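Q: Make a model of this:
(one chain, ligands or ions: 1)
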Amino acid sequence: MAINTAAPLELTGKHIVLGLSGGIACYKAAELTRALVKAGATVQVVMTEAAEQFITAVTLQALSGRPVFTNQWDSRSAAGMANNMAHINLTREADAVLVAPASADFMAKLLHGRADDLLSLMCLARPLATCPLLLAPAMNREMWAHPATQRNAAQLRADGATLFGPGSGDQACGEVGDGRMLEPEELLDEVIAFFQPKALLGRRLLITAGPTFEPLDPVRGLTNLSSGKMGFAVARAAAEAGAEVTLVAGVVHLPTPRGVRRIDVRTAQQMFDAVMPLAAQNDVFVATAAVADWRPAALSDRKIKKDKNNATPMLNFVENPDILASVAHLPQPPYCVGFAAESHDILVHAREKLVRKNVPLIVANLGPATFGRDDNTLTLVDAQGHRELPRADKLTLARQLVLEVASRLNNKSDPTKLPA
Ligand code: C5P
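A: Predicted coordinates:
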């Protein structure tokens, strides 16, 4: 499921040829078409004869707003060309061919370069350099696990295709296992991610997000209004950019971005304990979490009740470990990025944190203007200066931040300098 930090119309300008081969997952292609169109893409549907047994071209024409192609002998003009060569014309302006569902049989055909129907012919005839092939396998678990299918999947990858999924779970046949086509929203996220620059390929990124919760008694605790949206957006953007991402999340009820490993914690101490053993194995550490500075000195194992005299309870606090500062002071720290949510004087406070926490980059923002919201304004502050990322949705900002961090990692001569 997409998180609501998603930028609107992320596929604007993209033209996707959506191919359907035969399988019960064809029913999901209707929602997928709608999701791609809603995200701004233009969608041209091409179906095999087998796919037409599961869903009609009428449905997909209505949802895509374009006549569907099903037959290589179809003499209608395709992509504005009247040369009766739909198999050539359809992919010339396309940014990708997405086959969803890709049946076991269709994958086997692709592997051998067979071309006896419009969809396989079109896949073979597509320009390799400009039109990538994306496959969403969908089949029974035994068919997916069969050595022939596994061999085909591996060879298709080696030939340059990208496979999305398959997912795991209940199957239409009543069995349970690997082979389900990903859900339309998951496929949409995969397509969006596919088009992002792979600026962090081969890098590992660790990130904290959300509020911590410091218990007072079994039913109460101290927390804050951080929603975790910014951190989850950075985790998603980093995964889209090709990084291996570990997200240590406080009490956050957001779905985990695709491809991200998530560790849930509650308290600052638990967050510290989760982060410290992983920190040195990562290239980047981003601390977006709103960590409580103090926790109650004593945790009551029973609910604190009003006493007879109505006396106000006295609370004592102890300081929590500073996770970011602890990571940044490791002998060989990852590249550390801190966040500063302030109510005023953000540059002054950000600079102070830069020095105190020993980090090369602080991302400053106004707390009340960001907590719980889908958009924000960020100011990047380093030892040399500062630069503002103007107001945008959090995912757009997260992608800009990821590109910034990637360029700093690559610019070894002066990794701390803000580009002009
Ligand atoms: O010290 P302050 O909370 O203002 O600093 C904010 C930055 O430090 C954020 O990046 C936050 O995630 C991180 N931090 C931390 N551990 C703490 C307190 C803050 O990692 N105990």
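Q: which parts of this structure sit against the ligand?
A: Contact residues of the chain with respect to the ligand, defined by CB under 6 Å from any ligand atom, are listed as 208, 268, 287-289, 291, 320, 322-324, 338-340, 353. In short, each C-beta sits where N, CA and C put it, glycine included.
Q: Tell me the one of those nearest Thr162?
A: The shortest separation between Thr162 and any of the residues of the chain next to the ligand is 29.3 Å, and it belongs to Thr288 (by CB to CB).
Q: residues near Asp170, how many?
A: Number of residues near Asp170 (other CB atoms under 10 Å) recorded here: 10.
Q: For it, grab phi and psi.
A: For Asp170, the backbone dihedrals (degrees, to the nearest 10) come out as phi -60, psi 140.
Q: Can you tell me the closest non-neighbouring residue to it?
A: Counting by CB to CB, 6 or more residues apart in numbering, Val176 is the residue found nearest to Asp170 once chain neighbours are left out, at 5.7 Å.
Q: about what we covered before: among the residues of the chain next to the ligand, which ones are in helices?
A: Helix and strand membership here follows DSSP state H; of the residues of the chain next to the ligand, those in helices are 268, 323-324, 353.
Q: Name the residue of the stretch 101-250 of the chain that lies nearest to the ligand.
A: Closest contact between the stretch 101-250 of the chain and the ligand, by CB to the nearest ligand atom, is at Thr208 (5.7 Å).
Q: CA atoms only: put stretch 61-78 into CSV for me.
A: Extracted C-alpha coordinates of stretch 61-78, given in CSV (Å, rounded to 0.1, in the frame of the first residue of the first chain):
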residue,chain,number,x,y,z
GLN,A,61,-10.3,0.4,-22.8
ALA,A,62,-12.7,2.3,-20.5
LEU,A,63,-10.0,2.5,-17.8
SER,A,64,-7.1,3.4,-20.0
GLY,A,65,-9.0,5.6,-22.4
ARG,A,66,-7.4,3.9,-25.4
PRO,A,67,-8.4,1.1,-27.7
VAL,A,68,-6.9,-2.2,-26.6
PHE,A,69,-4.7,-4.2,-29.0
THR,A,70,-5.1,-8.0,-29.0
ASN,A,71,-4.1,-9.3,-32.4
GLN,A,72,-1.0,-8.8,-34.6
TRP,A,73,-3.3,-8.7,-37.7
ASP,A,74,-5.2,-5.8,-36.3
SER,A,75,-5.1,-3.1,-39.0
ARG,A,76,-6.0,-0.1,-36.8
SER,A,77,-3.2,2.5,-36.6
ALA,A,78,-1.1,2.1,-33.5
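Q: element containing Val97?
A: Secondary structure here is read from DSSP states H and E; on that basis Val97 sits in strand 96-102.
Q: Ok, Val17 next?
A: Secondary structure assignment for Val17, by DSSP H and E: strand 15-20.
Q: could you say what helices and strands that strand packs with?
A: Helices and strands touching strand 15-20, by 3 or more CB pairs under 8 Å, 6 or more residues apart in numbering; DSSP states H and E, are helix 26-38, strand 42-47, strand 96-102, helix 118-125.
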